[in-house]
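Visitor: How does the following fold in three dimensions:
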Amino acid sequence: MPRRTKIVATLGPATDTPEVMQTLVRAGVDVVRLNLSHGEPTDHRHRLELVRAAAWATGKDVGVLADLQGPKIRIEKFRGGHITLKDGEPFVLDAELADNAGTVEAVGLTYKALPQDVKAGDLLMLGDGEISLRVQKVVGARILCRVENGGELSDHKGVNRQGGGLSAKALTDKDLHDIKLAAELGVDYLAVSFPRDAGDIERARKLLQAAGGKAGIIAKIERTEAIENLDAIIQASDVVMIARGDLAVEIGDAELPGIQKHIIRRARDLNRVVITATQMMESMIHSPVPTRAEVLDVANAVLDGTDAVMLSAETAAGKYPVKTVEAMARVCEGAERQRMSASSQQRLDRHFGRVDEAIAMAVMYTANHMDVKAILALTESGSTALWMSRISSGIPIYAMTRHEATRRRVTLYRGVYPVAFDVMHTNPDQVLRSAADELKKRGIVVDGDFVICTKGEFSGVTGGTNSLKIVRVGD
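Guide: Numbering: from 1, shown residues only. Next up, the predicted model:
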């Protein structure tokens with residue numbers, strides 16, 4: 001049985017050779033991430049070329065995700081590169097201080113409006129929460145703080161306000177340029193960082209479409225406000241990403257596990273894809289094996305129903321990118337063998353407004369109550385395969401399509417596998433037999449196996465799936 005949970009790997013210096021890229025794809029990478037926070041456009045173009053070449057060489061469809069930087073609020077630089085803060089000491093965040101003048105007493109800010117967003121009593125978290133500062137008072141452009149949790153603080157560390165509430169817009173000037181780059185590159189997904197509400201997602205989609213892009217939009221859930229507007233954000237997007245780094249800083253570590261499970265559940269209920277991200281195998285940046293805690297973290301996300309798990313620095317800059325992907329694939333496969341990960345919760349209480357969605361649900365009910373080897377979805381957009389994948393099942397779903405863009409998009413859907421199949425060049429009376437024969441040729445099914453096929457009455461029409469048929473291979 002093929003692995004159902006998909007793996008997203010971030011590209012970086014550690015993956016910048018054709019040999020490594022091909023090995024990563026063979027090891028199990030389904031989607032690659034271009035982190036637009038780092039590198040120049042030439043770097044991203046080069047990496048995209050490597051991905052496309054590796055996909056061609058391995059005969060595998062690989063999706064591409066471009067991730068916008070967003071309004072990352074950071075401190076500026078220190079004169080010596082870093083300082084050490086001690087508990088109880090005063091420290092100042094100064095929006096007017098020069099960008100390279102930081103000392104043990106004060107440091108500048110990239111976000112000049114921060115003094116207007118905070119007040120006495122607020123807790124500011126720096127460096128993913130490793131340093132915490134309690135605001136004592138705000139004087140003009142200076143935020144006077146007392147160190148609650150000290151340690152080493154280096155250049156350009158991020159700043160979060162616990163509880164959220166910062167006014168920074170989701171799309172920065174850099175993001176506007178990077179949206180045009182994403183459209184030029186023809187990526188399959190565009191991730192929006194720090195959205196507060198559905199409006200941020202809708203604006204990003206309009207800007208992308210205006211630039212000629214057709215990518216699906218990913219909403220990164222990493223602000224307190226995003227949790228408060230969760231359902232609207234999910235419905236406005238194609239995918240949600242649980243970006244656990246900044247999210248944990250804003251809502252607190254203790255709240256994160258429950259919120260993660262809630263986001264996965266709501267995304268699946270609302271027919272959207274969900275990615276679980278951040279520090280999933282962080283130790284493998286330097287270690288050839290994961291910790292037991294990391295194994296359990298990945299497995300837990302799989303058991304909860306996440307579509308994909310994501311690697312960041314582990315593959316972008318780590319010493320063992322290929323071993324990390326191989327380890328993550330093993331953990332996903334192990335978790336998927338557990339009964340609870342394949343259990344079905346049919347939507348018997350739902351009313352379906354679309355024929356193709358109703359067909360998808362009927363397929364999954366039938367497949368889960370019959371000895372079916374595979375599901376064949378003849379699709380233009382991939383929507384029918386997406387709806388099928390929202391129902392837990394151990395039965396593989398093959399999205400059979402003539403469109404390369406659709407094949408790359410479904411690489412992110414749990415339990416869905418792309419197959420190149422041109423329905424327009426197939427005899428209409430023999431299309432289901434031809435589709436089954438294609439899987440037979442690939443060794444996926446054999447004569448005598450039952451498969452369920454879905455198709456539309458009119459070939460080549462998006463959203464036209466209106467029939468299902470149970471077929472015995474070879475008949």
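
Visitor: Tell me how many other residues crowd M361.
Guide: Here the count is done by other C-beta atoms under 10 Å, and M361 has 18 residues near it. The C-beta positions use only the backbone N, C-alpha and C, and glycine is treated the same way.

Visitor: Give the residue spans of this protein that score low on pLDDT.
Guide: Applying pLDDT under 70 to the chain picks out residues 339-349, 425-428, 457-464.

Visitor: Can you give me the domain boundaries for it?
Guide: 6-70+169-336, 82-161, 355-472 (automatic domain parsing).

Visitor: what about the spatially most central residue of the chain, which SS state?
Guide: The centre of the chain sits closest to I275, judged by C-alpha atoms, centre = their mean, with a distance of 3.9 Å. Here I275 is recorded as strand under DSSP: H, G, I helix; E, B strand; the rest coil.

Visitor: Dig out what it forms beta bridges with.
Guide: When bridges are called by DSSP bridges, I275 pairs up with M241, A308.

Visitor: For the stretch 251-400 of the chain, just list every one of the strands.
Guide: For the stretch 251-400 of the chain, strands defined by DSSP state E, counting those that start in this stretch occupy the ranges 273-277, 308-311, 374-378, 397-401.

Visitor: hang on, the earlier thing: the residue nearest to the centre of the chain against G216, yeah?
Guide: No. Judged on C-beta atoms under 8 Å, I275 makes no contact with G216 at a distance of 11.7 Å.

Visitor: Give me the common contacts of those two.
Guide: V239 (C-beta atoms under 8 Å, 6 or more residues apart in numbering).

Visitor: Doesn't I83 belong to a strand?
Guide: Yes. I83: assigned to a strand according to three-state DSSP.

Visitor: For burial, what's the neighbour tally of it?
Guide: 19.

Visitor: doesn't L93 make contact with I143?
Guide: Yes. Look at I143 against L93 with C-beta under 8 Å: they come within range, at 4.2 Å.

Visitor: show me where the stretch 1-150 of the chain has strands.
Guide: Going by DSSP E, counting those that start in this stretch, the stretch 1-150 of the chain shows strands at 6-10, 31-35, 63-67, 82-85, 90-94, 106-108, 123-126, 131-139, 142-149.

Visitor: Which neighbours in the sheet does the third one have, and how are they oriented?
Guide: According to DSSP bridges, strand 63-67 has the following sheet partners: strand 31-35 (parallel), strand 189-192 (parallel).

Visitor: Can I get those strands in JSON lines including mean neighbour count and distance to G59?
Guide: Below are the strands paired with strand 63-67 laid out as JSON lines (neighbours: other C-beta atoms under 10 Å; distance: least, C-beta to C-beta, whole Å):
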{"stretch": "strand 31-35", "mean neighbour count": "25", "distance to G59": "17"}
{"stretch": "strand 189-192", "mean neighbour count": "27", "distance to G59": "22"}
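
Visitor: which stretch among the ones you listed comes nearest A170?
Guide: strand 189-192 (6.2 Å; C-beta to C-beta).

Visitor: dump the residue contacts of the residue lying closest to R26 once chain neighbours are set aside.
Guide: Nearest non-adjacent residue to R26, counting by C-beta to C-beta, 6 or more residues apart in numbering: T58, 5.8 Å away. By C-beta under 8 Å, 6+ apart, the contact set of T58 is 22, 25-26.

Visitor: With distance to D246 added, can I get the strands paired with strand 63-67 in a markdown table?
Guide: Conversion of these to a markdown table gives the following (distance: least, C-beta to C-beta, whole Å):
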| stretch | distance to D246 |
| --- | --- |
| strand 31-35 | 14 |
| strand 189-192 | 13 |
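
Visitor: Nearest to L153 among these would be which one?
Guide: Using C-beta to C-beta, the nearest of the strands paired with strand 63-67 to L153 is strand 31-35, at 23.1 Å.

Visitor: what angle sits between that closest one and strand 273-277?
Guide: 60 degrees (axes from the mean of the first three to the mean of the last three C-alpha atoms, to 10 degrees).

Visitor: Kindly export strand 31-35 (C-alpha atoms) in PDB.
Guide: The C-alpha coordinates for strand 31-35 follow below in PDB (Å, rounded to 0.1, in the frame of the first residue of the first chain):
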ATOM      1  CA  VAL A  31       6.000  18.600  -2.600                       C
ATOM      2  CA  VAL A  32       8.900  21.000  -2.300                       C
ATOM      3  CA  ARG A  33       8.900  24.300  -0.600                       C
ATOM      4  CA  LEU A  34      10.600  27.400  -1.800                       C
ATOM      5  CA  ASN A  35      11.100  29.700   1.200                       C
END
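
Visitor: That one versus strand 6-10: what angle between them?
Guide: Going by the same axes, to 10 degrees, strand 31-35 makes 30 degrees with strand 6-10.

Visitor: Identify the residues contacting strand 31-35?
Guide: Under C-beta under 8 Å, 6+ apart, the answer for strand 31-35 is 6-12, 44, 47-48, 51, 62-67, 185, 187-189, 191, 308, 310, 312, 316, 411-412.

Visitor: Give me the number of neighbouring residues for A317.
Guide: Quick note: A317 (other C-beta under 10 Å) scores 15 neighbours.

Visitor: Enumerate every residue touching it.
Guide: 12-14, 285.

Visitor: Could you measure from the residue lying closest to G127 once chain neighbours are set aside over to L296?
Guide: With sequence-adjacent residues excluded and distances taken as C-beta to C-beta, 6+ apart, G127 is closest to K157, at 4.0 Å. Distance, K157 to L296, by C-beta to C-beta, to the nearest Å: 29 Å.
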